[in-house]
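K.L.:
coords below, sequence missing:
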């Protein structure tokens, strides 16, 4: 599949229940149809990660790719995603003023405990037919 140049791409842990809930939340609040998604475990996800010089085996965070602009990880990715969401969630971008090391410390604490707190699936989620067009894999 070709990567859309006019869409921001969210890479996520496809077996993580918290991550899958976050993707569902993003889709529900993506009224401008800005985002496309791929799991980190998918062929497309791995390709996109490797193209940016990251090791897919070492990656356990959300990644936002803004084609032709930049890519973001961890808390910065989450806050950059919030910029595009409807319902007042774009105000979360104001937390970008907090030093990244502090934001990522909190992010890492949640990420390191996500399977224990929210559980894990045996395989990546399969999007419904009506959502399939939003996924790259």
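P.N.:
Arrived safely, thanks for sending. Please read all numbers here as calculations on a predicted model, not as lab measurements.
K.L.:
all helices for this protein, in order.
P.N.:
17-29, 43-51, 74-82, 100-118 (DSSP state H).
K.L.:
Tell me which of those sits most buried.
P.N.:
helix 74-82 (a mean of 21; mean count of other Cβ atoms under 10 Å). C-beta coordinates here come from the backbone N, C-alpha and C atoms, glycine included.
K.L.:
Quick one: residues contacting residue 83.
P.N.:
90, 93 (Cβ atoms under 8 Å, 6 or more residues apart in numbering).
K.L.:
related to what we said a few turns ago, of the helices of the chain, which is nearest residue 132?
P.N.:
Set against residue 132 and scored by Cβ to Cβ, the helices of the chain come closest in helix 17-29, at 11.7 Å.
K.L.:
now that closest one, how far from the centre of its chain.
P.N.:
Mean-position distance between helix 17-29 and its chain equals 9 Å (Cα atoms, centre = their mean, to the nearest Å).
K.L.:
now do stretch 29-40
P.N.:
9 Å.
K.L.:
what residues does it touch?
P.N.:
4, 7-15, 23, 26-27, 44-46, 48-49, 56, 59, 63, 81, 84-87, 89, 124-125, 134-137.
K.L.:
Can you pull out the low-pLDDT segments for the chain?
P.N.:
1, 122-130 (pLDDT under 70).
K.L.:
One more pass at 90, please.
P.N.:
1-6, 13-21, 41, 51-61, 67-69, 87-94, 111-116, 118-137 (pLDDT under 90).
K.L.:
what separates the nearest residue to residue 85 once chain neighbours are set aside from residue 83, distance-wise?
P.N.:
Nearest non-adjacent residue to residue 85, counting by Cβ to Cβ, 6 or more residues apart in numbering: residue 29, 4.1 Å away. Residue 29 is 11 Å from residue 83, where distance means Cβ to Cβ, to the nearest Å.
K.L.:
Nearest to residue 68 among the helices of the chain would be which one?
P.N.:
Among the helices of the chain, helix 43-51 sits nearest to residue 68 (Cβ to Cβ), with 12.9 Å.
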